[in-house]
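# Prediction below, plus the sequence it came from.
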Amino acid sequence: MAATATRHICSSQELLSFSPVTKPKTKTQHLKFTKTSFTPNSHRLRLAIKASSTSSTTLNDAPLPTHNNSDHQLRVQILSESLPYIQKFRGKTIVVKYGGAAMKSAELKASVVRDLVLLSCVGLRPVLVHGGGPEINVLLNQLNIPAQFRDGLRVTDARTMEVVSMVLVGKVNKDLVSRINFAGATAVGLSGMDGRLLTARPSPNAAQLGFVGEVARVDPTVLQPMVDNGHIPVIASVAADEFGQPYNINADTVAGEVAAALGAEKLILLTDVAGILRNKEDPGSLVKEIDIKGVKKMIEDGKVGGGMIPKVNCCIRSLAQGVTTASIIDGRVEHSLLHEIMTDEGAGTMITG
């Protein structure tokens, strides 16, 4: 039995339709599906498909159609193996922090957009949170405003805060919304100030850092209906305090707090590294899965350091507030989002509660 698919752009409520085309049976194929069970210590699911066939053809039968290229069969197999992951995550909220190399490369940017739209099409509820450091630096340079950093955080005076707001809310956010809409989904651009989504407070180091803030409160009232209706919220990581003063907030932090407020199934941080390494000097020592206790021990032992510590702490905080899993994945790899969500191997390190 072969099938011909009617292809079209779909929303999260649409289904692909198939029209069967009947052909004479010349080959009987037996498919064997084996699926591992979930255990308390495992959050990944593996599906194996084994095919064996017995042919009834004889020398006088018409030869079966063959393909020198196995691309078609590979695509079908990939679609089939993604079924349990679609079933697992369908209707679940996935919060993705977008930044780093994935923002600089046109190919990687297109890959992230396509992944988000595909996930939305098959029934997941993605939410995108973004920063935009490289774009901010470009405009600061054009305006002859020096970019300053302290302990990895941008020193943000009043002039710099204006630029941050212009770039993140007016440029990067709307560019992402436009790209997602063009790809076939419906995106809505927001900042933390819209609908009082985020309320900021000054950083403890405000005297040195200026208008760098933290998330004091998340109110998902404006966000939840968008997610429920199949839209993709795109959130810029700026917010105002109770007096209306804008603050620049780390996008990882915003993503973690939004994920917790929405009761997300998964938080994913796109980074410029492969994930958490047991040995920082050995790229092959990637930790695929670890729990909170284990990752805290790695921090204590000095195996996790530098810019990875705030990312790990962001994941730990979101897990403590009810997010099921948090992943730090390699945003330098095309379609890393699909690798993380739709495959057993993943694309980085998954931290569990």
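It's in.

# In the stretch 51-200 of the chain, what residue spans correspond to helices?
71-81, 83-89, 101-104, 106-121, 133-142, 158-165, 173-182 (DSSP state H, counting those that start in this stretch).

# Put the alpha carbons of the shortest one into CSV.
So that's helix 101-104. This file holds the C-alpha atoms of helix 101-104, laid out as CSV (Å, rounded to 0.1, in the frame of the first residue of the first chain):
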residue,chain,number,x,y,z
ALA,A,101,25.5,31.9,17.2
ALA,A,102,21.9,31.1,16.1
MET,A,103,21.2,34.8,15.9
LYS,A,104,24.3,35.6,13.9
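
# Nearest to residue 349, out of the helices of the stretch 51-200 of the chain?
helix 101-104 (16.9 Å; C-beta to C-beta). Any C-beta I mention is one placed from the backbone N, CA and C, and that applies to glycine too.

# Output the helices of the stretch 51-200 of the chain in CSV, with mean neighbour count, mean pLDDT and distance to residue 221 appended to each entry.
Putting the helices of the stretch 51-200 of the chain into CSV (neighbours: other C-beta atoms under 10 Å; pLDDT from 0 to 100; distance: least, C-beta to C-beta, whole Å) gives the following:
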stretch, mean neighbour count, mean pLDDT, distance to residue 221
helix 71-81, 11, 76, 37
helix 83-89, 16, 89, 24
helix 101-104, 19, 76, 29
helix 106-121, 20, 92, 22
helix 133-142, 16, 90, 29
helix 158-165, 18, 95, 23
helix 173-182, 18, 96, 20
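
# I'd like to know which of those is closest to residue 271.
Comparing the helices of the stretch 51-200 of the chain by their distance to residue 271 (C-beta to C-beta), the top pick is helix 101-104, with 8.5 Å.

# what packs against the closest one?
In this structure, helix 101-104 packs against helix 106-121, helix 133-142, with contacts taken as 3 or more C-beta pairs under 8 Å, 6 or more residues apart in numbering; DSSP states H and E.

# mind redoing it with 7 Å?
Contacts of helix 101-104 with other secondary structure elements, assessed using 3 or more C-beta pairs under 7 Å, 6 or more residues apart in numbering; DSSP states H and E, are made with helix 106-121.

# Ignoring the adjacent residues along the chain, who's closest to residue 166?
Excluding its sequence neighbours, the residue lying closest to residue 166 (C-beta to C-beta, 6 or more residues apart in numbering) is residue 139, at 7.1 Å.

# same thing with residue 134?
Taking C-beta to C-beta, 6+ apart, and ignoring the residues beside it in sequence, residue 134 has residue 104 as its nearest neighbour in space, at 5.8 Å.

# quick one, what contacts the closest residue to residue 303 other than its chain neighbours?
Distance criterion C-beta to C-beta, 6+ apart; nearest residue to residue 303, sequence neighbours excluded, is residue 278 at 6.3 Å. With contact taken as C-beta atoms under 7 Å, 6 or more residues apart in numbering, residue 278 is in contact with 285, 287, 303.
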